[in-house]
Structures are given as structure tokens and as C-alpha cells.
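**Q** Quick one, structure for this:
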Amino acid sequence: MLEGLNRALDHVERHLADREVDVAEAARIAATSEYHFRRLFSALAGMPLSVYVRRRRMTLAGAEVLSGERTLLDVAVSYGYGSGEAFARAFRSVHGIGPGEARRDGAALVSQPRMSFRVVIEGSSSMRYRIVEQDAFRLVGRKARIPLVHEGVNPAGAAFVESLGVETIVRMKALSDREPAGVLSAVEHLSESREEGAEVDYWIGVATGPEAELSEDSDALDVLDVPAGTWAVFDDHGPYPSALQELWRDVFTQWFPSNPYTSRPGPELLRTQPVEIGTNTDSQLWIPVERITRSEA
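**A** Residues are numbered from 1 along each chain as shown. Next up is the predicted model:
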């Protein structure tokens, strides 16, 4: 799979000067659907494909702007922009200044290196997982919109958990009646982006039946209906939160490329006991997946 992804990135690189990169063709080269190609790229790269394409395009354009060999309009047209204004907006979004300023002042610009994907295998570690077919259920609890943090404690997430109070947690626990059991945290991605700072819906809640009727005491709780589907469940043990963040990374950079599954829309669930910074915890990470057919693999 990684070989196909790298061939697809070669295709993207060859067509950076086009007005629109043909993502459908890149997905075909990677032997997957466009939807899965975009999601897999975001998971592995930490940014949406559209952001990567814009950054690469503006990296190459920036070098031409600084060289001064062609007019700014010629550079804009050569990278698929129909006007100098559109080119200037894209240039500023990446470099923080306009192309005219960059050429005039000889400014330092941002460089996006060309990407390639590879699997790093560490023989001293292994991943324990199982595949679970789960009926439809409800995630019931409280949610907040917070920025994604890849390393260390997420201050916004910690503040949200602190704000819930013991009474709310007790009400949630009483509703838990299926796997994954107990109080969970969950992340629902609002876009393809998994880059640092991307906004996500962060839940603290429990899994309960889709037919469950909430009491008046539970009216203030948020509800997310989760359809039936396949889940990859990973067991982990290690210091909180670094071990979990490493597990999340390894699932997308090592497990997915080596197994006939791809991620699908849905909340990513986490059960952790105990939740104390620096303490070794036992955790279960539930990732919604679907099997790749032989023709897609």
C-alpha cells in the first residue's frame, strides 16, 4: 500500500503546475477510492491533501519568485492561477507575505519538503488488536470542541474533563450497558485534517443502546447515534498520555498500511484506567474501520 501511495505522490508532484491536481487519478494509482486516499493521506501526513498540494506548489513558486527570472504574473500562470490576485492570496496563506514583498525584500519563505511514506518497524514492540462487529449504539455524555494535540497533555481537553464534576460522571456510568464498557473519551474528526491544532469534537461519555430512553436527569447530556459497523480494537499499556499518543500514531502509520482495512467515518473511542498523568494505564482504543476488497488492496 505504501508503494502505491508514494506513486500517487509522484503523480501529484508532476502536476503541481496544473490548475487542479487530479486527485481521482492519484487515488487510482494508489489502488483505492478518492475518499479513502484523502483520509489515509491526512492520517499519515497530519494535514489534508489540499493543504499539502498548496504548500508544495507555493514552495516551488516561492523559489521562482525570489529568483526574479520571470514576472510575478508569469509565475502565477505557470502554477495554474488565472490572476495575480489569486496567486498572491495563495502565496500569502503559505508564506505570510505577498510575492511582491518577498521579491522586493528578499524575505525568508516557508518550505514544504516533498513527502514520501515508509513504515518504521521496531522489533521490540508489537500491536495487540482484534476486529469487532458492533451493533448500532449511542454515545451519551458531554462534548466540547477542542484543538488536536499530538504530544503531551491537551490543556483544553483537561479543562473540559475537570469541568464535568463527579455528579455528571456518576449519571453517565449508570447508562453504560455495552462494550466498550465504562466512561470513555472519544474524538470525532470534523474534517480530513489530523494536523496539530485542527478542531475536533471531544466527548466524555458512555456507550448505551440506541433504544435507550434518557431520564429527565440526563436531558442535559449530548447524544451521538453511532451506526453498526466494524471496529479495530487495540489494547495498550504504558504511561499516560504518551503511550496512547504513540499508539494512535502507530495505528495509522504501521497497522493500516500492513492490514486489509481502512478507516471509516465515526468516533474514535478510548477507554483508559486509571487516567493520571505519568502513570502506567491499561487502555483500549476503538477505531472504526472497513475491510478493503481484493480489488482495492
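**Q** Correct me if wrong: L175 contacts G209.
**A** No - contact criterion CB atoms under 8 Å: L175 and G209 do not qualify, at 9.4 Å. Placement of C-beta: from N, CA and C, glycine included.
**Q** And the two? Which one has more around it.
**A** The neighbour comparison of L175 against G209 (other CB atoms under 10 Å) goes to L175, with 19 against 13.
**Q** Tell me how far the closest residue to the more buried one other than its chain neighbours lies from E167.
**A** Among residues not flanking L175 along the chain, T208 sits closest, at 4.7 Å (CB to CB, 6 or more residues apart in numbering). T208 is 18 Å from E167, where distance means CB to CB, to the nearest Å.
**Q** the more surrounded of the two?
**A** A side-by-side neighbour count of T208 and E167, using other CB under 10 Å, places T208 first with 21 against 9.
**Q** Backbone dihedrals for that one, please?
**A** phi -140, psi 170 (degrees, to the nearest 10).
**Q** Any idea what it is bridged to?
**A** When bridges are called by DSSP bridges, T208 pairs up with R138.
**Q** you'd agree it is up against R178?
**A** Yes - taking CB under 8 Å as the definition, T208 is a contact partner of R178 at 6.8 Å.
**Q** Show me the common contact partners of the two, please.
**A** F137 (CB atoms under 8 Å, 6 or more residues apart in numbering).
**Q** where does the stretch 101-250 of the chain dip in pLDDT?
**A** 106-108, 118-127, 212-219 (pLDDT under 70).
**Q** Quick one: the strands in it, in order.
**A** Counting by DSSP state E, counting those that start in this stretch, one finds strands in the stretch 101-250 of the chain at the ranges 128-134, 137-147, 184-189, 199-208, 222-226, 229-239.
**Q** May I see these organised as a markdown table, with distance to V94 added?
**A** A markdown table is the format used below for the strands of the stretch 101-250 of the chain (distance: least, CB to CB, whole Å):
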| stretch | distance to V94 |
| --- | --- |
| strand 128-134 | 38 |
| strand 137-147 | 21 |
| strand 184-189 | 23 |
| strand 199-208 | 21 |
| strand 222-226 | 35 |
| strand 229-239 | 35 |
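**Q** Out of these, flag the one nearest T272.
**A** Of all these, it is strand 184-189 that lies closest to T272, at 7.2 Å by CB to CB.
**Q** now the angle between strand 137-147 and that closest one, please.
**A** For strand 184-189 and strand 137-147, the angle between their directions (axes from the mean of the first three to the mean of the last three CA atoms, to 10 degrees) works out to 60 degrees.
**Q** Walk me through which strands strand 184-189 pairs with, and which way each runs.
**A** In its sheet, and by DSSP bridges, strand 184-189 pairs with strand 199-208 (antiparallel), strand 268-273 (antiparallel).
**Q** just how off-centre is that strand within its chain?
**A** Relative to its chain's centre, strand 184-189 lies at 12 Å (CA atoms, centre = their mean, to the nearest Å).
**Q** Please save the CA atoms from it in CSV.
**A** Backbone C-alpha positions of strand 184-189 (Å, rounded to 0.1, in the frame of the first residue of the first chain) are rendered in CSV as follows:
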residue,chain,number,x,y,z
LEU,A,184,-15.0,6.7,27.6
SER,A,185,-13.3,9.5,25.8
ALA,A,186,-14.0,9.9,22.1
VAL,A,187,-12.7,12.0,19.3
GLU,A,188,-14.9,12.8,16.3
HIS,A,189,-12.9,14.5,13.5
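**Q** Which residues does that strand contact?
**A** 139, 141, 143, 148, 157, 198, 200-207, 224, 266-272.
**Q** and what of stretch 75-84?
**A** 16-20, 57, 60-61, 64-65, 70, 72-73, 86-88, 90, 99.
**Q** start to end distance for that stretch?
**A** With CA to CA, to the nearest Å applied, stretch 75-84 spans 9 Å between its terminal residues.
**Q** Report the mean per-residue pLDDT for it.
**A** Here stretch 75-84 scores 86 as its mean pLDDT.
**Q** Any buried residues in it, and which?
**A** Residues of stretch 75-84 classed as buried: 75-77, 79-81, 84 (neighbour count, 16 or more other CB atoms under 10 Å).
**Q** could you dump these to JSON lines with distance to P113?
**A** As requested, the buried residues of stretch 75-84 are exported to JSON lines (distance: CB to CB, whole Å):
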{"residue": "V75", "distance to P113": "21"}
{"residue": "A76", "distance to P113": "23"}
{"residue": "V77", "distance to P113": "25"}
{"residue": "Y79", "distance to P113": "18"}
{"residue": "G80", "distance to P113": "21"}
{"residue": "Y81", "distance to P113": "22"}
{"residue": "G84", "distance to P113": "27"}
